[in-house]
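Visitor: let's see this in three dimensions:
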Amino acid sequence: MTENSEAELRAQLADQYRRVGELKLNELASGNLSCRLGEGMLISPTGASAEDITSDSIVYVAPDGSWEGKYRPSSEWQMHAAIYREYEQAKAVVHTHSDYCVAVSCHNRSLPGFHYLVGMFGGNDVPCVPYSTYGGVELAENTARAMRGRNACLLGSHGMICHGPNLSAAVLLAQRLEIMCRQYTIACSLGTPYELTSTQWSEFFERATGGRYGKSQSAAASS
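Guide: Next up is the predicted model:
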């Protein structure tokens with residue numbers, strides 16, 4: 001299987017950035033998307049919106065942090081770069097400020113295993129990284145560390161981030177996490193939700209391996 005050309009990846013990234021806007025996972029100029037390109041990455045430019053992003057506005061960032069393009073890379077490029085350095089299987093990264101992910105993250109707590117589909121993210125919860133200032137090395141390093149054994153995490157008082165084998169898969173994962181955070185928020189309105197036991201999680205992952213759900217979670221579990 002041949003890798004996509006840079007032109008194809010630029011077109012895909014712009015398309016998926018618009019898709020994230022259509023899903024209301026990002027609004028105005030919030031959030032950012034990237035994909036791996038060789039030793040570096042392509043990333044959405046700072047200040048981009050679903051209405052104005054184009055293939056030409058996407059920025060290439062080299063491993064040393066230097067960049068090429070008409071615009072500056074997203075202020076969160078270090079967080080994306082840290083994930084690519086840490087996880088070889090990560091080919092695309094999606095960061096959003098989606099409503100329910102933000103709501104849960106503002107309590108600075110992990111999304112617990114209240115539903116078996118939390119297992120789609122690689123384990124029995126989705127961890128939350130303590131708040132630190134956006135665009136910094138501390139946030140980048142903490143995020144990469146939190147995603148060990150997971151393909152997504154919440155960012156305290158900020159939003160969420162995830163990685164996937166390609167851009168469309170990563171966007172789908174971001175949408176799934178927003179759904180799960182929404183359902184968790186609704187469940188909490190009735191009281192403290194039930195959490196699956198370790199035995200139930202073992203049964204879930206055993207059944208999911210090699211199945212419909214297993215393809216999504218197995219990559220995360222091996223990270």
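Visitor: gap between the residue sitting nearest the centre point of the chain and residue 131?
Guide: Residue closest to the average C-alpha location in the chain (CA atoms, centre = their mean): residue 162, at 1.7 Å. As for residue 162, its distance to residue 131 is 19 Å (criterion: CB to CB, to the nearest Å). From N, CA and C alone the C-beta is placed, and that goes for glycine too.
Visitor: quick one on the thing from earlier: contacts only, for the residue nearest to the centre of the chain.
Guide: Counting by CB atoms under 8 Å, 6 or more residues apart in numbering, residue 162 touches 93-94, 121, 151-153, 170, 173-174, 177.
Visitor: wait, a helix at it?
Guide: No: if the criterion is DSSP: H, G, I helix; E, B strand; the rest coil, then residue 162 is strand and not within a helix.
Visitor: so for it, what's the nearest residue that isn't a sequence neighbour?
Guide: Nearest in space to residue 162, with sequence neighbours left out and distances taken as CB to CB, 6 or more residues apart in numbering, is residue 152 at 3.6 Å.
Visitor: burial count for that neighbour?
Guide: As a burial measure, residue 152 scores 26 neighbours (other CB atoms under 10 Å).
Visitor: how long is stretch 59-66 end to end?
Guide: Start and end residues of stretch 59-66 are separated by 10 Å (CA to CA, to the nearest Å).
Visitor: returning to what we had before: tell me how far the residue nearest to the centre of the chain lies from residue 79.
Guide: Remark: distance between residue 162 and residue 79 (CB to CB) = 12 Å.
Visitor: repeat for residue 198
Guide: From residue 198 over to residue 79 the distance is 31 Å, taken as CB to CB.
Visitor: ok, now residue 32?
Guide: As for residue 32, its distance to residue 79 is 9 Å (criterion: CB to CB).
Visitor: show me the common contact partners of the two, please.
Guide: Joint contacts of residue 32 and residue 79 (CB under 8 Å, 6+ apart) are residue 95.
Visitor: just the buried positions in stretch 17-35, please.
Guide: Buried residues in stretch 17-35, counted by 16 or more other CB atoms under 10 Å: 17, 19-21, 23, 25-26, 29-35.
Visitor: distance of residue 98 from residue 177?
Guide: 8 Å.
Visitor: ok, the two, which is more surrounded?
Guide: Comparing residue 98 with residue 177 by other CB under 10 Å, the one with more neighbours is residue 177, at 30 against 25.
Visitor: so when I look at the more buried one, I'm seeing a helix, right?
Guide: Yes: per three-state DSSP, residue 177 lies within a helix segment.
Visitor: quick one: it and residue 121 touch, right?
Guide: Yes: counting by CB atoms under 8 Å, residue 121 is a contact partner of residue 177 at 6.9 Å.
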